[in-house]
Each structure stands twice: as C-alpha cells, then as structure tokens.
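# heads up, no residue letters with this:
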C-alpha cells in the first residue's frame, strides 16, 4: 500500500461505511425535500456524493500512520461477516438543544456497533487514543446553522436496504462549500483479499 506523500505530512481522515448509489440517491432526494420545506434554510446540507456512516473519526494523522492503520484495519474487518443495513427515521443529533446535525438512523444497530468496535480495536492497536465519544449510529444529511430546522416527524427514510461489504479509510479536505472526501483504502468484510489502496495526492 503506497500513500505517496512525504514522511510526516498530516492528513485529516476518518473510517466509514460507504453508501451504494441507490441509497445515496434516495437520501439526496429526501435532503432536497427537507431543504425546500420551512426551516430547511437553517441547515447546511451535505454533498450527496459524500454521504457515509462514520465509524471512527481520526483527525489529523501522519501519512505513515495511516498506512499502518490501513493494514491493521484490513486484517480486522476481514473477520467480520457482511450484513444488511437499512435507514430509519430522520432525527436531530445529538438530541435536545445541543443538536448539531439532521441525521438518518440505521437499523439494525447491533452489527454496525460490532463493526465500529472492530475498527476501534484496529485504531487502538495502531496507537490512537480511545474515542471517548463512543459510537452513535447515524448518517448525516446536514449540519444545523441555527435553531430553525425542518419538521421531521412525518418524514420517512428511503426504503433501500443494502449489504455492508466494506469499510473505507477516507481523507477529508475542508473547503468553503463543505468537506470533500477521498477514499484512501477500501477494506472488504469477510475476505482475505488485500485492501485496495489509493495513493494520497500531494
């Protein structure tokens, strides 16, 4: 696996479950509907091509550390059996007055939580500090800019279950129009095949 960056350079990164195209399209359509409803202007809606389910945020990491993590991650998730996942009702996260995002729930949460625990073990084995925030299953549709948000009570999630078959180590680049993501390493579940690595661009 080659990351193609000079030694010691930092990369803002995270580990997540990607969404297949039909699920992504359904989520994007829901976000468009919410954005056009009363309160929709109070949310900065995410780019649909970047939809994902975060398992572990890493922050700024040296490129050589990401290479080691990618190798450990591949070994760990190869022992996890692929599983089915569905979207559930939208909600505000965290709950209450501290809400920061409009999100979709995921079901069942059990297999996803177990996968997140495997990812956490790989991160710990690579020298990362434990994630004190813990894992909360959700898919972010947008980030709240003020207290005015669209009504979610009567909104349904897209009915498009899919099979979780890989986790991805992503690079995150911040821009004025929001974050942009690049897949660095794809790690298949339930497989002994080597991970597919993508070189980091300078």
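Nice, thanks for sending it over. Predicted, not measured: the structure shown is a model, and the values here were computed from it.
# quick check: mean pLDDT across the longest helix along the chain?
Longest helix of the chain, by residue count under DSSP state H: helix 109-125. Mean per-residue pLDDT for helix 109-125: 95.
# With stretch 88-98 instead?
84.
# tell me the SS of the nearest residue to residue 57 once chain neighbours are set aside?
For residue 57, ignoring the flanking residues on the chain, the nearest one in space by Cβ to Cβ, 6 or more residues apart in numbering is residue 14 at 4.5 Å. C-beta: built from backbone N, CA, C; applies to glycine. Put simply, residue 14 is strand when judged by DSSP: H, G, I helix; E, B strand; the rest coil.
# Okay, residue 14 and residue 152: tell me how far apart.
To residue 152, residue 14 is 25 Å away according to Cβ to Cβ, to the nearest Å.
# Between these two, tell me which one has more neighbours.
Comparing residue 14 with residue 152 by other Cβ atoms under 10 Å, the one with more neighbours is residue 14, at 19 against 16.
# which ones are touching the more buried one?
Residues near residue 14 by Cβ atoms under 8 Å, 6 or more residues apart in numbering: 54-58, 169-170, 172.
# Spatially, which two of those are the most separated?
55 and 172 (13.9 Å; Cβ to Cβ).
# More neighbours: these two, which one.
Set side by side, residue 55 and residue 172 show more neighbours around residue 55, with 25 against 17, by other Cβ under 10 Å.
# a strand runs through that one, doesn't it?
Yes: the assignment for residue 55 is a strand, going by three-state DSSP.
# Does it touch residue 73 like I think?
No: Residue 55 is beyond contact range of residue 73, at 9.9 Å (criterion: Cβ atoms under 8 Å).
# The residue positioned nearest the centre of the chain: what's its closest spatial neighbour, skipping adjacent residues?
Closest residue to the average C-alpha location of the chain: residue 54 at 2.7 Å, with Cα atoms, centre = their mean. Excluding the flanking residues, the one nearest residue 54 by Cβ to Cβ, 6+ apart is residue 16, at 4.9 Å.
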